[in-house]
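A.B. asks: have a look at this prediction, sequence included:
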Amino acid sequence: MKKAVIILSGGLDSTTCMGYAKEAGYELYPITFNYGQRHIIELNNARAVAEFYGVSDRFKVIELGFLREFGGSALTDDTIAVPKTGADPVPEEAGEIPVTYVPGRNLLFLSIATSFAETVGAEAIYIGVNALDYSGYPDCRPEFIAKVEEVIAIATKIGVEGKPISIETPLIHLTKAGIVAEGMRMGVPYQLTTSCYNGELEACGECDSCRLRLKGFAEAGLTDPIAYKK
Ligand code: ZN
């Protein structure tokens, strides 16, 4: 059976990637990164999602606590607040790079996922990047993904042997509503996920990530199965 590594945060997007990889007939190898993010609650969600798909024995949690030593992002640095934009436009929509951008994160994630994929003989890596809702993040763009794919082909043994690993980005051109609709069609367990940047048991409903998620469900004409404070 062909194998795929899925970068799984326990949020809505990466969990939808689990659904896509399963639908494509892959044996799932989820990998989660603990990088000292504020939303550490997601790690438990990721574990629950891996259990849902019956692959908790293959589920990896990788410690990247050093990202907290670097800081530089609202997600990893206590001195930078997670924005609650409220009446203001969501920064992603205004075309700015939000303070929730984590320096070099997806480059690190894809490097480590490549190591895992090559080791287990996976032919694909799934990552839930999106070029629409998160257009502010440079490491969510298609051109970034294409370049990393090129690097993997020349940087790995299996690449040199002519079996390069592909990076699959099924969400890249979907709206949040489109992602939710696709996930519901595939039976993705959104009740086990959270997307809140604030990392408390109950999602805040106010941060950019919560707002995008709620907007996605609303536009898809569906109800988000998780609880919100607001
Ligand atoms: Zn939130």
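C.D. replies: Sure, I can see it.
A.B. asks: and the gap between the residue lying farthest from the centre of the chain and Pro98?
C.D. replies: Most distant residue from the mean C-alpha position of the chain: Glu161, 29.4 Å away (CA atoms, centre = their mean). Noted for Glu161: a distance of 40 Å to Pro98, by CB to CB, to the nearest Å. To be clear about C-beta, it is placed using only N, CA and C from the backbone, and glycine gets the same treatment.
A.B. asks: how about Gly128?
C.D. replies: Taking CB to CB as the measure, Gly128 falls 17 Å from Pro98.
A.B. asks: out of those two, which sits in the busier spot?
C.D. replies: Counted by other CB atoms under 10 Å, Gly128 and Pro98 do not tie: Gly128 has more neighbours, with 25 against 20.
A.B. asks: which stretches of this structure have low pLDDT?
C.D. replies: Along the chain, the parts satisfying pLDDT under 70 run over 37-39, 84-95, 133-135.
A.B. asks: which neighbouring elements make contact with the longest helix seen in it?
C.D. replies: Using DSSP state H, we find that the single longest helix of the chain is helix 105-120. If you count contacts as 3 or more CB pairs under 8 Å, 6 or more residues apart in numbering; DSSP states H and E, helix 105-120 packs onto strand 3-7, strand 27-34, strand 124-126, helix 142-155.
A.B. asks: can you give the contact residues for the first one?
C.D. replies: I take that to be strand 3-7. Under the criterion CB atoms under 8 Å, 6 or more residues apart in numbering, residues 14, 17-18, 21, 24, 26-33, 109-110, 113, 116-117, 120-128, 168 lie in contact with strand 3-7.
A.B. asks: could you pick out the residues of the chain near the ion for me?
C.D. replies: Cys196, Asn198, Cys204, Cys207, Cys210 (CB under 5 Å from the ion).
A.B. asks: right, and Val61 touches Thr32 too?
C.D. replies: Yes - assessed by CB atoms under 8 Å, Val61 is found in contact with Thr32 at 5.0 Å.
A.B. asks: what about these two, which has more around it?
C.D. replies: Neighbour count, other CB under 10 Å: between Val61 and Thr32, Thr32 has more, with 23 against 14.
A.B. asks: which residues does that one contact?
C.D. replies: Listed by CB under 8 Å, 6+ apart, the contact partners of Thr32 are Ile7, Leu8, Ser9, Gly10, Glu42, Leu43, Ala46, Arg47, Phe59, Lys60, Val61, Ile62.
A.B. asks: again with Ile112
C.D. replies: With contacts defined as CB under 8 Å, 6+ apart, the neighbours of Ile112 are Ile31, Phe33, Ile62.
A.B. asks: among these, name the buried ones.
C.D. replies: Buried members of these, counted by 16 or more other CB atoms under 10 Å: Ile31, Phe33.
A.B. asks: which of the contacts of Ile112 sits closest to Lys157?
C.D. replies: Ile31 (19.4 Å; CB to CB).
A.B. asks: need the contact list for the nearest residue to the closest one once chain neighbours are set aside.
C.D. replies: What sits nearest to Ile31 in space, not counting adjacent residues and going by CB to CB, 6 or more residues apart in numbering, is Lys60, at 4.7 Å. Counting by CB under 8 Å, 6+ apart, Lys60 touches Tyr29, Pro30, Ile31, Thr32, Phe116.
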